[in-house]
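Asker: Structure for the following, please:
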Amino acid sequence: MQHAQPFSLCTSPLRSAAALAALFIVNPGAAMETTDTAATIQEQRIDDTAQQALAVTIYNDNLALVKDLRELTLVQGENRLAWRNCSGQIRPETALLSATSGTAAVTLLEQNFDFDLLTPQSLLKKYVGRKVQAIRTADDGVRTTEDATVLATNEGVVLRYADRIETDVVGHLAFPDLPADLRDQPTLVLHLEAAQAGTGTFELSYLTGGLSWKADYVADLAADGKSMDLNGWVTLTNSSGVAYRQAKLQLVAGEVNQVRPDLPPPMMARTMAAPAAAPMPQEEALDEYHLYTLARPTDVLNNQTKQVALLSAPRIPVTRELVVRGQPYSYQSQSADGWNKLPVASTLNFTNQGGSLGVPLPEGVVRVYSKDSRGNAQFIGEDRIDHTPKNETVTLKLGESFDVTVRRKQTEFKKLSGSSAYNYAYEAAFALEIKNAKPDAVTVKVVEDIPGDWKMVQQSQSHTKEASNLVSWQVQVPADGAATLSWRVQTRF
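Answerer: Down below sits the predicted model:
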C-alpha cells in the first residue's frame, strides 16, 4: 500500500474538536491517488482535470440532473474509479455511467458514495484505537516525539501514553497515513469490469438535491400607466456542496412529480453574483413542461446565488383596475351601524402575447415600479404569478387603494313563503357605497358571490354574470365624489 508522508495536527494546547478544526491543514491528494482494495485492485482517482464537458438541468423543486463527461483510461478486467467532485447531495441510486466513445463494453459491478469527508474530527475518529505521534517543541526549540493511542474523540481527545492518560494535546499530533475511506470531497466509487484496456470518454449522470432556480420579474410602468417594460431574471441557487464550472445550464419550468423521502431544506446561499447580460435563454417545449437553455456555459459556485437574464419585453400594454369583493353572502352585519368596510384592491393586468413577450412565463414574483414626479422609480407592489402559457392574461394585485374607499351593508332580509328545512328561500337587499378622493374619476369593479339558485329582482345598474355564483358591476365614481350601488336578489337552496 502506498502511504503519504506523515502530516500533522498543530495544537497549543487544545481542549475541543472545534479548536482542532481551526488548526488542521492537510493535502491528502497523494495518499488517495491509488489505494489497495481487499481484492488488490488499484483505485484510480478521476478528478476535474479529466472533465470534457458538464451539463446541468435544474428543476424548480430542489432537483437537478447532472451529466458529467470525463476521459478515463481502463485496464482489462476489473477497475475501481474514484469519481471525485460529485454533488454532496447526489442521489446515488440514480447514478448511471455510460461509455460515449473509444472504449469496449464495460459492466458496472458495484458503486459506493463516500461522503465521510476529511475534517480534523473525522480523522481523529478514524484513529480511535490506533497509534499517533504527539510532538512537542520546548522553548529552546528541542522537539520530542512520543507514541500515544487515541482512546476517544467525543468531546476533545483522550490519549493513552505508555505511563499515563491525557485529555489535552500539548503541541501537535502526527498521523502515519490517511484512511482510505476518508475523502476530502464527495466521491462516487465505481467498481466496473472492462472487456479490454483502452482510453475513452464516459458520462456519469445523476439526480441531486441542493440546486434550484426561480424566476423574478421587474416591471417598470410608463408615465401614462398604459404600458410597461418587463424584464425577467433567473435566480439560481447552489448549495449542493460542489461548484459547477463552465456548465451548460438548462432550466425546466413545471411541476415534475417525485417519489422521495423528506429532505432537509437547502442551505441559505451566502453570495450574490452580478446578473448576466443578454443573450436570452432559448425556450422550447419538453413533454408537459418548458425547457430554457442558457446561451453560454457559466460557473455556478457552491453556496452561491447567481442571476441570469430570462427575457426583456418593452412597452407591453397594461390595464389598471380597482376591484372590491363583497363578503360571502351573509345575513348579519359585522358592525353596529350595519356598514362594513371593504378593501379596494389595486390590480394590473396584461396579456402574455405578441411582440417580445408571448413566451411561457415560469412561476415567480413580479415587482412593479412607477416613476414619481421627479422621475425616480418607486416600488408600488408585487405579486406572484403561476406558470403562465402564452396568450394567457395575468392579473397582479399591487396593494389596496388609499383614496378609494368602500362600505357595504345588508338593507333588507326576508324569508319567502314555501321555505322549509329542506327547501330554504329568502330575499335580501344590499347597498354598497364608494367614495373617491382622487382628483380624477375612477371605475371600480364590484364582485359579489351569490350562492344557490338565485334571481336578481332589482339593481341600480346592470350586472355581468361571471360564473354560476358570481356577479360583477362596473361602477363609475366621479372625482372627489361618491356613488352607490344597490341590488335585491332572491335565493333558493
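
Asker: Any chance of the backbone angles for residue 120?
Answerer: Here is the backbone geometry of residue 120 (degrees, to the nearest 10): phi -60, psi -40.

Asker: what do you get for the one 5 residues further on?
Answerer: For residue 125, the backbone dihedrals are phi -60, psi -40 (criterion: degrees, to the nearest 10).

Asker: out of everything not next to it in sequence, what's closest to it?
Answerer: residue 153 (5.2 Å; Cβ to Cβ, 6 or more residues apart in numbering). For every residue, glycine as well, the C-beta is placed using N, CA and C.

Asker: and the gap between that neighbour and residue 394?
Answerer: According to Cβ to Cβ, to the nearest Å, residue 153 and residue 394 sit 58 Å apart.

Asker: again, but for residue 360
Answerer: 12 Å.

Asker: Mutual contacts of the two, please.
Answerer: The contact sets of residue 360 and residue 394 overlap at residue 388 (Cβ atoms under 8 Å, 6 or more residues apart in numbering).

Asker: just the helices in the protein please.
Answerer: For the chain, applying DSSP state H gives helices covering 17-22, 29-32, 120-126.

Asker: residues contacting the residue nearest to residue 125?
Answerer: Counted by Cβ under 8 Å, 6+ apart, residue 153 has contacts 17, 121, 124-125, 128.

Asker: redo that, cut-off 10 Å
Answerer: Residues near residue 153 by Cβ atoms under 10 Å, 6 or more residues apart in numbering: 17, 20, 120-128.

Asker: Check residue 439 too.
Answerer: 403, 479-480.

Asker: Model confidence score at it, please.
Answerer: According to the prediction, residue 439 has pLDDT 95.

Asker: quick one: it and residue 320, what's the gap?
Answerer: As judged by Cβ to Cβ, residue 439 and residue 320 stand 16 Å apart.

Asker: for residue 307, same thing?
Answerer: Applying Cβ to Cβ to residue 307 and residue 320 gives a distance of 29 Å.

Asker: what's the answer for residue 129, then?
Answerer: Distance check for residue 129 against residue 320: by Cβ to Cβ, it reads 75 Å.

Asker: Who is the residue nearest the centre of the chain paired with across the strands?
Answerer: Residue closest to the average C-alpha location in the chain (Cα atoms, centre = their mean): residue 212, at 3.9 Å. Here residue 212 sits in beta bridges with residue 237, going by DSSP bridges.

Asker: Which positions in stretch 142-159 come out as buried?
Answerer: By neighbour count on 16 or more other Cβ atoms under 10 Å, the buried set for stretch 142-159 is 148-150, 153, 156-159.

Asker: Then stretch 134-142?
Answerer: Within stretch 134-142, the residues that count as buried by 16+ other Cβ under 10 Å are 134-135.

Asker: Show the end-to-end separation of it, please.
Answerer: Length of stretch 134-142, first residue to last, Cα to Cα, to the nearest Å: 14 Å.

Asker: what is the rounded mean pLDDT of it?
Answerer: Regarding stretch 134-142, the rounded mean pLDDT is 85.

Asker: Tell me, what's the model's pLDDT at the closest residue in space to residue 184 that isn't next to it in sequence?
Answerer: Nearest non-adjacent residue to residue 184, counting by Cβ to Cβ, 6+ apart: residue 118, 4.5 Å away. For residue 118, the pLDDT comes out at 73.

Asker: Pull the distance from stretch 51-60 to the chain's centre.
Answerer: Taking Cα atoms, centre = their mean, to the nearest Å, the mean C-alpha location of stretch 51-60 is offset from the chain mean by 16 Å.

Asker: Name the residues of that stretch that are buried.
Answerer: Buried-residue list, stretch 51-60, by 16+ other Cβ under 10 Å: 54-60.

Asker: Now, those residues that are in strands?
Answerer: 54-59 (DSSP state E).

Asker: And residue 109, how far from residue 194?
Answerer: From residue 109 across to residue 194, the span is 11 Å (Cβ to Cβ).

Asker: Can you list the low-confidence ranges for this protein?
Answerer: 1-40, 102-104, 115-116, 254-280, 285, 287-288, 327-336, 418-422 (pLDDT under 70).

Asker: Okay, domains of it per the record?
Answerer: As given by automatic domain parsing, the domain ranges for the chain are 33-117+182-208, 404-492.

Asker: Mind checking those domains for the one nearest to residue 222?
Answerer: domain 404-492 (17.1 Å; Cβ to Cβ).

Asker: what's the first-to-last distance across that closest one?
Answerer: Length of domain 404-492, first residue to last, Cα to Cα: 34 Å.

Asker: cool, and stretch 131-142?
Answerer: End-to-end distance for stretch 131-142, by Cα to Cα: 23 Å.

Asker: what do you get for stretch 388-398?
Answerer: Span of stretch 388-398 from end to end, Cα to Cα: 18 Å.

Asker: how many other residues sit next to residue 300?
Answerer: When neighbours are counted by other Cβ atoms under 10 Å, residue 300 registers 24.

Asker: isn't it right next to residue 87, touching?
Answerer: No. With contact defined as Cβ atoms under 10 Å, residue 300 does not reach residue 87; the gap is 11.5 Å.
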